[in-house]
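> using only what follows, build the 3D model:
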Amino acid sequence: MIEYLATFFGIYLLCLFKFIAGPVLGAAAGFSVLEIELVTVSGMMTSVIAFTYLGDWIKNTWTIKIRKNPRRFTKRTRNIIKIWQKFGVYGVAALTPILLTPIGGTVILSSFGIDKTKIITVMLVSGLFWAFVFAISIRHILAIPFFSKLLTF
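This is a model prediction of the structure:
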């Protein structure tokens, strides 16, 4: 039981920073689809909630100006604005598990002034959907004999 909880907690900690770690490591640990969903979404939502509510405090308290005149429009900020204009709140939330980290998606949504409850809601729905899709997909991929033989080595 202690080994199971340690494995669950370790995967949970990785899901705080990278969403895909939950389905991949959960399948490798032999978790069921429900357990993979639980560990992945709980890790993602912990970081989403933390950065949604603590983001303003962190921004106001820990902001350090490195340059005298920081450039406002860099290549990175232009790409973020393009994503925002094309997809909006729901698009950023849907792309977060695939392309961004939970922290990155939350910071983007917070920086555009989206309501905190809306951020949490859309990120939860997105996390539930993508965790289920990834868990089922990885299960089917591991059922292929070629991949199952690779795991036995």
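
> any idea how far the residue nearest the centre of the chain is from H140?
What sits nearest the mean C-alpha location of the chain, by C-alpha atoms, centre = their mean, is P102, with 3.2 Å. To H140, P102 is 25 Å away according to C-beta to C-beta, to the nearest Å. The way it works is simple: take the backbone N, C-alpha and C, and place the C-beta from them, glycine included.

> who's in contact with the residue nearest to the centre of the chain?
By C-beta atoms under 8 Å, 6 or more residues apart in numbering, P102 lies in contact with 15-17, 19, 43-45, 47-48, 51, 96, 123, 127.

> tabulate these (a markdown table), appending distance to S111, neighbour count and pLDDT.
As requested, the contacts of P102 are exported to a markdown table (distance: C-beta to C-beta, whole Å; neighbours: other C-beta atoms under 10 Å; pLDDT from 0 to 100):
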| residue | distance to S111 | neighbour count | pLDDT |
| --- | --- | --- | --- |
| C15 | 23 | 27 | 92 |
| L16 | 20 | 19 | 92 |
| F17 | 19 | 14 | 92 |
| F19 | 20 | 27 | 91 |
| G43 | 22 | 25 | 94 |
| M44 | 19 | 31 | 94 |
| M45 | 19 | 19 | 95 |
| S47 | 16 | 20 | 93 |
| V48 | 14 | 27 | 93 |
| F51 | 11 | 20 | 90 |
| T96 | 14 | 25 | 88 |
| M123 | 15 | 27 | 94 |
| G127 | 20 | 26 | 93 |
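
> okay, now M1: neighbour count?
5 (other C-beta atoms under 10 Å).
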